[in-house]
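*Asks:* One predicted model, sequence on top.
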Amino acid sequence: QSALTQPASVSGSPGQSITISCTGTSSDVGGYNYVSWYQQHPGKAPKLMIYHVSNRPSGVSNRFSGSKSGNTASLTISGLQAEDEADYYCSSYTTSSALVLFGGGTKLTVL
Amino acid sequence: QLQLQESGPGLVKPSETLSLTCTVSGGSISSRSYYWGWIRQPPGKGLELIGSIYYSGSTYYNPSLKSRVTISVDTSKNQFSLKLRSVTAADTAVYYCARLQGSTWELDYWGQGTLVTVSS
């Protein structure tokens, strides 16, 4: 099974908005509303930021939002802050035996 | 607050078996709402789900690793374990255990991760 496709890197200035895409197939992203997004700072474990396409866990800033159209899901971060600089990974439920598939990750740089 | 903690050797020789255990505290591994997973991250690379297990013992493996992986659960100890056989340098990674929501399929609680190096 192939990983979900994410851009390798994105960047933005403080206060701006950025969007990270996550493209899969009808067997994962396109077929189910079970897309999640994780933030990972260097040397730390990933942190859940969005689940079920667009839901935020308690404590996650409302500057983070998620959406999906067809086989592509998106994470939008508005009002960029320096602390948002991190790697971001999407994941999706998949019909393969693994149950969950990750994207390759996107490095966000706050300029 | 749920906590997960990985434990096991940090150094494994090539061709041997990597063995890790994840101890769950602050909640029951026998809950019917969750699965329990192992994820790895090679240095400088992305996340890869190795596989997951339900409290009943049902297992779900990444097809690319399925031939070398065994995940098991010990509900009496609130632990689940990973065995990866015939390791090579390519298996060097930080290994995480995590809780997987069984209804919406997100990994909502993670261990801190443990680095396992494969080297002679």
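*Replies:* Here it is on my side, so go on.
*Asks:* which bits of chain B sit near chain A?
*Replies:* Within chain B, the positions lying close to chain A (C-beta under 8 Å from any C-beta of the partner chain) are B:35, B:37, B:39, B:46-49, B:51-52, B:60-64, B:66, B:96, B:100-101, B:104-108, B:110-113. The C-beta positions use only the backbone N, C-alpha and C, and glycine is treated the same way.
*Asks:* who are the neighbours in contact with residue 40?
*Replies:* Assuming you mean chain A. Counting by C-beta atoms under 8 Å, 6 or more residues apart in numbering or on different chains, residue A:40 touches A:46-47, A:86-89, A:105.
*Asks:* um, chain B though
*Replies:* Contact analysis of residue B:40 by C-beta under 8 Å, 6+ apart lists B:47-48, B:50, B:91, B:93-96.
*Asks:* buried ones in stretch A:39-54?
*Replies:* Residues of stretch A:39-54 classed as buried: A:39-40, A:45-54 (neighbour count, 16 or more other C-beta atoms under 10 Å in any protein chain shown).
*Asks:* What are the boundaries of the strands in chain B?
*Replies:* Using DSSP state E, the strands of chain B run over B:3-7, B:11-12, B:18-25, B:34-41, B:48-54, B:59-61, B:69-74, B:79-84, B:93-101, B:107-110, B:114-118.
*Asks:* so how far is the fifth one off the chain centroid?
*Replies:* Just to be clear, that refers to strand B:48-54. 7 Å (C-alpha atoms, centre = their mean, to the nearest Å).
*Asks:* tell me the angle of it relative to strand B:79-84?
*Replies:* Using axes from the mean of the first three to the mean of the last three C-alpha atoms, to 10 degrees, the direction of strand B:48-54 lies 140 degrees away from that of strand B:79-84.
*Asks:* picking that back up, can the strands of chain B go into JSON lines with extra columns for mean pLDDT and distance to residue A:12?
*Replies:* What follows is the strands of chain B, written out as JSON lines (pLDDT from 0 to 100; distance: least, C-beta to C-beta, whole Å):
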{"stretch": "strand B:3-7", "mean pLDDT": "98", "distance to residue A:12": "33"}
{"stretch": "strand B:11-12", "mean pLDDT": "98", "distance to residue A:12": "41"}
{"stretch": "strand B:18-25", "mean pLDDT": "98", "distance to residue A:12": "36"}
{"stretch": "strand B:34-41", "mean pLDDT": "97", "distance to residue A:12": "25"}
{"stretch": "strand B:48-54", "mean pLDDT": "96", "distance to residue A:12": "28"}
{"stretch": "strand B:59-61", "mean pLDDT": "95", "distance to residue A:12": "37"}
{"stretch": "strand B:69-74", "mean pLDDT": "97", "distance to residue A:12": "39"}
{"stretch": "strand B:79-84", "mean pLDDT": "98", "distance to residue A:12": "38"}
{"stretch": "strand B:93-101", "mean pLDDT": "98", "distance to residue A:12": "28"}
{"stretch": "strand B:107-110", "mean pLDDT": "97", "distance to residue A:12": "26"}
{"stretch": "strand B:114-118", "mean pLDDT": "98", "distance to residue A:12": "32"}
